[in-house]
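> Pasted the sequence and its predicted model underneath.
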Amino acid sequence: MLTELRRDSWTIANTGARNLLTVLSQDIESNIGSYDRVLLSVVTKLEDPAFLSLEPRLQQSFVFGATLIKPYFTSLLVLDKDGNVIRDAGGVPPRVDNFSDRSYFQAHANDKSVGLFISTPFQRRLTGNDEVLGLSRRINAPDGTFAGVVVGTLRLQYFRDLFEQAELKSHDSINLFSQTGTLLMRSPYLEDQIGRDLSATPNVRRFIASSSGSFSGVAAVDGVTRVYNFVRIGNLPLIVNIALSHDDIFEAWRTQALWIGSVLTLLCAMTMMLAFVVRREFVKRALAEAVTRQSEAQYRLLAENATDLIIRLDGDLVRRYVSPASHAMLGLDPSEMVGHRTRGIIHPDDWPTVEQMVAEARVTGKPAEAIYRLQHKSGAYVWVEGRYSFVADDEGFIVVLRDISTRKSAELKLAAAHAELAKRANTDGLTGLANRRRFDEAFEAEHAKAVDQSKSLSLLLIDVDRFKLFNDTYGHQAGDECLRRVAKAIEACIRPSDLCARYGGEEIVVLLPGSDDAAAYRVGERIRMAVESLDIPHMENASAGKRVTISIGCATQEPGSDEPALALIAQADRRLYEAKRTGRNRVLSAFSMPTASEPPKLENEPVRLEAVETFLSSAQEKGSSSLDLIARSAAELLDAPIGFVSLVGKDELTLIGRHGLGISTVPRDIAYCSHTIAGSEPMVVYDALSDTRFKENPLAQGDEGLRFYAGAPLVDPETGETVGAVCVSDYKPRDNVTASERDILKDLSKLVIDELR
């Protein structure tokens, strides 16, 4: 123990020294690095060809602006190639002096690869008693020849102040050496030692020979034996060491050794007294063992006639006694089980349960129970209920096992029946996906978790394009098979932690916990391509190559959001409708939604404009009364103050039917209908000021701004071109437009076409 304590004293002292060494070297490297960056900045500016074109006042400000870092980095000079002072951060004009005799000048004059040069200590000529180091960088002429140096002076007081912050013992020291072995600073401070060349001493030679290390040696300064921990400071030509006195390191240990020796002497005396007491206890134990043998005989009588299996285990869980009931329960005679570890016949999956039960009984001292499986001699497993009682005297256990295989079999069958019932209750019968009930439960739980843990939650709402036409064309059995194949393709594209559920009809929803908008969009694209690659024929889906495709609306609740769960579904639903409106077979998320304020350009614009002129002539010929009635019906059925029927011309919209509006034309570049005609389904703008396409639109501004808009396109049955729209609008934004309201607008658009034909 004394050896360990002595080694600990040594380790703790050296660990503390190395930690202090790291802090000091990092501080010195950081500060000198800051000063070096000042020098490099000045050199860069002086070597810039455009520098000489500046006025002298601007040159001074440009070169030395905020360069001195007080209180230690206090002087900064520029010397020409002859060592003359040509610039001084202290003011204009610079003082007249020549420093060609200084080492920081000669080093750069003789070698262009020196980099940052740090001199030995010297006294500045300006103050006479101020010990400093010179930090210098070479200035090159345009042709690469020597043009002078930039030199700054660092007060040795910096190192003295830094080292004196450390808490040292009386014989410890901190030393800073140059790479050439010159002592730059020492703590405790000895003025006569600063600047002394110690490169010939054994200790300093070891500092110079290696970048870091630790060794014991005798100090050349005061003759004290110390352990030295040293390190070279980064790429700087500086070495710092922490020197700890051997006497100070082991001072506390010597005190402990004295106390421990005294205690050991006392313990030896007490041991002799204890020997007399132990002998007396042995006599008492012999009498107790005789009584125990009588009790054990009675215990065996009970154990050997009991139907439960009784086992005695030692502290290593080796069987020392097994009752005859082992034959009936496990097909094994007691002799086959005694002397073996209990783990051998326990099912591997149940061993952790038994370990936990054993630990609980040992810690609490109370009986612990568990249910687990034991292997029968035939190889089958028997379910048992085990009760382990800890015996403190020998740290063993008394184990009572009862066969519960019949009861366990009934429990397992009942659990399987419950699991099957739960699966059927949460599974869609057609697709095999989770049903709406399962989705609602999972969505509510994941939404609450996302809010509590400030995590992302994304949702994909998926709809099979033109599925009603698929059923009408191929029949409902083919439609069911189509849904099953689509569901499997979707489920194959998601993670095990995600949930895919049938939302209703041909709609499928995918819940993506922890996924942000970009990740959800990537999953949506993967799903869209997977369904497209099924290549299921769909003659009524001509725009997608006459095969089955899907449209996907993607919505994401960002971390920290506390929006209600239904808002996420509503957002996904809106983007799904927009995906269907703008061509189907696509994924729309926050960053893929249309954002341009300019109306989309249409491919067959000349053909469309001809159709517009035809319908406009028909409207003028038949009058506006019937179209006004349709506009009014649209407004009333959707509970809006404004309804209108528009034809979108080249430069403007003509309102051929109106309700609640006094204008007859609107410029095409600001009209909502100009965006509606780019799709085949109704377009809905729930709040124009929240929609990037319309938030700057003049129609949406002010108290009378049109914040809500819904419009169904008017399609010319002969050309297939969209000529206008049946629309409603409101001064207040809305949260929702139902599918039936969209159908109303679509039906009214057909009615307008019939009226104008």
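Alright, I've got the coordinates. Residues are numbered from 1 along each chain as shown.

> longest helix in the chain, by residue count?
helix 251-303 (DSSP state H).

> Check which helices and strands that one is in contact with.
When contacts are defined as 3 or more C-beta pairs under 8 Å, 6 or more residues apart in numbering; DSSP states H and E, helix 251-303 sits against helix 2-46. Just so you know, the C-beta spots here come from the backbone N, C-alpha and C atoms, and that holds for glycine as well.

> mean confidence score for the helix it packs on?
Across helix 2-46, the average pLDDT comes to 86.

> residues touching Leu499, list them.
Contacts were defined as C-beta atoms under 8 Å, 6 or more residues apart in numbering; by that measure Leu499 touches 434, 438-439, 442, 510-511.

> just to revisit the earlier point, tell me the angle the longest helix of the chain makes with helix 2-46.
Angle of helix 251-303 versus helix 2-46, following axes from the mean of the first three to the mean of the last three C-alpha atoms, to 10 degrees, is 120 degrees.

> from the chain's centre, how far out does the helix or strand following helix 251-303 sit?
Next along the chain after helix 251-303, taking DSSP states H and E as the criterion, comes strand 309-313. Remark: strand 309-313 is offset 52 Å from the chain centroid, using C-alpha atoms, centre = their mean, to the nearest Å.

> Then stretch 356-368?
Counting by C-alpha atoms, centre = their mean, stretch 356-368 comes out at 41 Å from the chain centroid.

> re the thing from before, which of the contacts of Leu499 fall within helices?
Counting by DSSP H, the contacts of Leu499 contribute 438-439, 442 to helices.

> quick check, nearest of the residues you listed to Met539?
Among the ones in helices among the contacts of Leu499, Phe439 lies closest to Met539 (C-beta to C-beta), at 32.1 Å.

> From Val531, how far off is Lys655?
Quick fix: residue 655 reads Leu, not Lys. As judged by C-beta to C-beta, to the nearest Å, Leu655 and Val531 stand 41 Å apart.

> how about low-confidence regions in the stretch 251-400 of the chain?
Across the stretch 251-400 of the chain, the ranges flagged by pLDDT under 70 are 295-306.

> Show me where the stretch 651-757 of the chain has its strands.
For the stretch 651-757 of the chain, strands defined by DSSP state E, counting those that start in this stretch occupy the ranges 652-659, 665-667, 683-685, 708-715, 722-730.

> mind putting those strands in JSON lines, mean neighbour count, distance to Arg95 and mean pLDDT included?
Below are the strands of the stretch 651-757 of the chain laid out as JSON lines (neighbours: other C-beta atoms under 10 Å; distance: least, C-beta to C-beta, whole Å; pLDDT from 0 to 100):
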{"stretch": "strand 652-659", "mean neighbour count": "23", "distance to Arg95": "80", "mean pLDDT": "94"}
{"stretch": "strand 665-667", "mean neighbour count": "15", "distance to Arg95": "75", "mean pLDDT": "93"}
{"stretch": "strand 683-685", "mean neighbour count": "24", "distance to Arg95": "75", "mean pLDDT": "94"}
{"stretch": "strand 708-715", "mean neighbour count": "26", "distance to Arg95": "78", "mean pLDDT": "95"}
{"stretch": "strand 722-730", "mean neighbour count": "27", "distance to Arg95": "81", "mean pLDDT": "95"}
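
> Among those, which comes closest to Gly524?
Closest among the strands of the stretch 651-757 of the chain, once you apply C-beta to C-beta, is strand 683-685, at 20.8 Å.

> Could you look up the SS state of Val149?
Per DSSP: H, G, I helix; E, B strand; the rest coil, the secondary structure class of Val149 is strand.

> That one and Arg95, how far apart?
Counting by C-beta to C-beta - Val149 and Arg95 are separated by 16 Å.

> Kindly report the same for Glu355.
Distance of Glu355 to Arg95, computed by C-beta to C-beta: 84 Å.

> can you check Leu469 too?
Taking C-beta to C-beta as the measure, Leu469 falls 95 Å from Arg95.

> Next: Lys546.
According to C-beta to C-beta, Lys546 and Arg95 sit 91 Å apart.

> Ile28 contacts Leu162, doesn't it?
Yes - counting by C-beta atoms under 8 Å, Leu162 is a contact partner of Ile28 at 7.3 Å.

> With neighbour numbers in mind, choose between Val149 and Arg95.
More crowded of Val149 and Arg95, by other C-beta atoms under 10 Å: Val149, with 28 against 11.

> Wait, that one touches Asn140, no?
No - with contact defined as C-beta under 8 Å, Val149 does not reach Asn140; the gap is 10.5 Å.

> domain assignment for the chain?
Annotated domains of the chain cover 13-247, 250-297, 304-408, 428-588, 605-756 [automatic domain parsing].

> what's the closest of these to Arg6?
Across these, Arg6 has its closest neighbour in domain 250-297 (5.2 Å, C-beta to C-beta).

> quick revisit: relative to Ala415, which of the domains of the chain is closest?
Nearest of the domains of the chain (C-beta to C-beta): domain 304-408, 10.2 Å.

> just how off-centre is that closest one within its chain?
With C-alpha atoms, centre = their mean, you get 47 Å for domain 304-408.

> residues contacting the closest residue to Phe439 other than its chain neighbours?
Using C-beta to C-beta, 6 or more residues apart in numbering and skipping the chain neighbours, the partner closest in space to Phe439 is Ala501 (3.6 Å). Counting by C-beta under 8 Å, 6+ apart, Ala501 touches 428, 433-436, 438-439, 442, 508-511.

> how about 6 Å then?
Ala501 is in contact with 433-434, 439, 509, counting by C-beta atoms under 6 Å, 6 or more residues apart in numbering.

> With Arg584 instead?
Applying C-beta under 6 Å, 6+ apart to Arg584 gives the contacts 465, 551.

> Can you name the next helix or strand after whichever strand or helix holds Ala109?
Element membership of Ala109 [criterion: DSSP H and E] is helix 103-110. For helix 103-110, the succeeding helix or strand toward the C-terminus, using DSSP H and E, is strand 117-118.

> Need the residues that contact that next one.
Strand 117-118 has contacts (C-beta under 6 Å, 6+ apart) with 104, 107, 133, 135-136, 237.

> residues of the helix holding Ala109 that come out buried?
104-109 (16 or more other C-beta atoms under 10 Å).
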